[in-house]
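Chemist: Please find the sequence and the predicted model below.
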Amino acid sequence: MSDDNKYDYKNLFIIFIVQSIFVGIFALFFYLTKGETAGMSAVLGGLVYCVPALFASLFMSRASNASATLILAKAYLGTFYKIIISIALFIYVFKNIPITIGVFLTAYAIAFITQYVMSYVLHKRN
């Protein structure tokens, strides 16, 4: 494993931890103010975003030393996996678990925004 690859894994897990903290705070707030269903909705909303994003990122990060064609193929395949897993999780949650839809979608958006901001901060783009 190269140093760049170790750095990528470190960043992936830092982003995942920060997302989990933000979603956890959000879930705790709604659990205490709106009840158990709202708190669980926030947790599930965060997980529905974080889990597929983490799996896709781990899958795509393995091709760092490969050819450009292989890296692009891994990116497309990782994105495809992320979409399929996300759709499956959305369907499962909507069909089988009683949730508060607004809280669920807000937690999903918080996880998305956290990943976007943390990716920007960690990669220190010029």
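Modeler: Cool, got the structure.
Chemist: Quick one: neighbours of the residue nearest to Tyr49 when sequence neighbours are not counted, just the number.
Modeler: Nearest in space to Tyr49, with sequence neighbours left out and distances taken as C-beta to C-beta, 6 or more residues apart in numbering, is Ala111 at 3.9 Å. Backbone N, C-alpha and C define where each C-beta goes, glycine included. Using other C-beta atoms under 10 Å, Ala111 has 27 neighbouring residues.
Chemist: starting at the chain centroid, how far to the helix or strand harbouring Thr37?
Modeler: According to DSSP states H and E, Thr37 maps onto helix 36-61. With C-alpha atoms, centre = their mean, to the nearest Å as the basis, helix 36-61 stands 5 Å off its chain's centre.
Chemist: swap in stretch 14-24?
Modeler: Between the centre of stretch 14-24 and the centre of its chain there are 9 Å (C-alpha atoms, centre = their mean).
Chemist: what's in contact with stretch 77-86?
Modeler: Val48, Tyr49, Val51, Pro52, Ala53, Phe55, Ala56, Ser57, Phe59, Met60 (C-beta atoms under 8 Å, 6 or more residues apart in numbering).
Chemist: Just name the closest of these to Gly39, please.
Modeler: Nearest to Gly39, judged by C-beta to C-beta, of these is Val48 at 15.1 Å.
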